[in-house]
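# Dropping a prediction and its sequence here:
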Amino acid sequence: MNAADKKPVSGVRIRRMEESDAEEVNELVSQLGYPNDLGKTATAIRAVLGSESGDAFVAVDSEGHVVGWAHVFMAPHIESGPNAELGGLVVDESARGEGAGRALVEHVEAWARERGANEVSLRSNIVRDGAHKFYQHLGFEVQKTQHKFRKKL
């Protein structure tokens, strides 16, 4: 069994995301509070899967349904060395607390180690208290509080 087909104790299987997962992934994107746009989600999946610096994975239940996903990418920071960033992670509201999130994070950590990352970091909206507790339970520590700026192009 290769790492892409790892089956954790929770009964979910972690595998690489596929373009055919777009509809189920898009439903989970909406649970994060982002616009539910299947076309944009499918385009983003293709871009991530075609990237040399990142990848995406899904947690699949025993019936083959996607119950969560994670996106990770390498960030070659000058000041702190090669690090991986967990760009996004969501588990279906109906499947939370059953191990899919933990399995996805463990898979992302293994992916990052294979690429020489010194650490995995992530950003989480200040209003997502449940997510903060989840990440801290898995050993993540709050590094800093910051503002995120955006400029539309």
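Thanks, I have the structure now.

# Count the residues that sit near residue 97.
Other residues lying near residue 97 total 11 when counted by other C-beta atoms under 10 Å. The C-beta positions use only the backbone N, C-alpha and C, and glycine is treated the same way.

# if you go through this structure in chain order, where are the strands?
13-16, 54-60, 66-77, 81-91, 120-122 (DSSP state E).

# what comes up buried for the last one?
Neighbour-count burial for strand 120-122, with 16 or more other C-beta atoms under 10 Å as criterion, is recorded at 120, 122.

# okay, the strands of the chain in a markdown table with distance to residue 38 and mean pLDDT next?
Listed next are the strands of the chain as a markdown table, based on distance: least, C-beta to C-beta, whole Å; pLDDT from 0 to 100:
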| stretch | distance to residue 38 | mean pLDDT |
| --- | --- | --- |
| strand 13-16 | 20 | 96 |
| strand 54-60 | 16 | 97 |
| strand 66-77 | 14 | 93 |
| strand 81-91 | 16 | 91 |
| strand 120-122 | 25 | 91 |
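
# Same list (those) but as TSV, adding distance to residue 148.
Formatted as TSV, the strands of the chain follow (distance: least, C-beta to C-beta, whole Å):
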stretch	distance to residue 148
strand 13-16	28
strand 54-60	19
strand 66-77	15
strand 81-91	13
strand 120-122	13
